[in-house]
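# Have a look; sequence and predicted model below, questions after that.
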Amino acid sequence: MKLRFNFFRLFLTYSMVCVCNLMAINTVQAAAPGLLVFGDSLSAAYGIPREQGWVALLQLQLQKQGLPHQVVNASISGETTSGGASRIQAALAQYQPKIVLIQLGANDGLRGLPLNEMQQNLSTMIQASQRSGTQVVLIGMKIPPNYGPRYTRDFAAIYTDLAQKFHLPLVPFLLQDVAGNPALIQADGLHPVASAQEHILQTVWQVLQPIVQKKADSSMRKVQ
């Protein structure tokens, strides 16, 4: 009887230790601020290994800088702003990010979709994110002049207009110093090669770095 009691006490102690350890792990994971990348094939590492894409490199950059953010890549190849607007609420609820990078619109432009609809869809995503308390970083795009100079000009202006309207940090052009360089573009003429991903990361990082640093400093003050 005594042996059985000692075994039960040992089992109970072991179970409590496991539960406490699991709670500690979950607390650490919950404390790490999330960074959601919400984009299309340009962020989904189309045509290259996913671990070589700029979003994967972003996670490494954060770790190298000693920043605690965990990156979630919710990008989908072929995604339009309409698709993004339809799934943003679920993504925000699932991942509860502190920061969201919205990188959509390229497929709208390449398909010649109405720009007023694109602007409204981006507005929907921005407002949904802001309502949830998430910091939005808007990533701009430019398109080839296939649909004429006015469409091309108005397309690019959407990003600057929305950034001003909603007071957002803006990456003016994701493919700065990459687009137009054949050595950095895949055979399809659209998607960057693996060696271009570091260029893309640095373009984003110039805008993102002070934001993640501020968020990390704020989190540290709350812990203290």
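All right, it came through fine. Numbers count the residues shown, from 1 in each chain.

# Got phi/psi on the residue nearest to the spatial centre of the chain?
Nearest to the geometric centre of the chain sits residue 37, at 1.3 Å (C-alpha atoms, centre = their mean). Residue 37 has phi and psi values of phi -100, psi 120 when expressed as degrees, to the nearest 10.

# so it sits right up against residue 69, yeah?
No: using C-beta atoms under 8 Å, residue 37 makes no contact with residue 69, being 11.2 Å away. No exception for glycine: its C-beta is placed from N, CA and C like everyone else's.

# just the strands in this structure please.
Counting by DSSP state E, the chain has strands at residues 34-39, 70-73, 99-103, 135-139, 170-171.

# Switch those over to CSV; also include distance to residue 188 and mean pLDDT.
Listed next are the strands of the chain as CSV, based on distance: least, C-beta to C-beta, whole Å; pLDDT from 0 to 100:
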stretch, distance to residue 188, mean pLDDT
strand 34-39, 17, 98
strand 70-73, 21, 98
strand 99-103, 18, 99
strand 135-139, 21, 99
strand 170-171, 23, 99
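
# So for residue 87, which of the ones you listed sits nearest?
Distance to residue 87, taken as C-beta to C-beta, is lowest for strand 34-39 among the strands of the chain, at 8.6 Å.

# With only the CA atoms kept, save that closest one in PDB.
What follows is strand 34-39, C-alpha atoms only, in PDB (Å, rounded to 0.1, in the frame of the first residue of the first chain):
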ATOM      1  CA  GLY A  34       4.700  38.100 -34.400                       C
ATOM      2  CA  LEU A  35       5.500  39.600 -37.800                       C
ATOM      3  CA  LEU A  36       3.100  38.600 -40.500                       C
ATOM      4  CA  VAL A  37       4.100  38.800 -44.200                       C
ATOM      5  CA  PHE A  38       0.900  39.000 -46.300                       C
ATOM      6  CA  GLY A  39       1.900  38.900 -49.900                       C
END
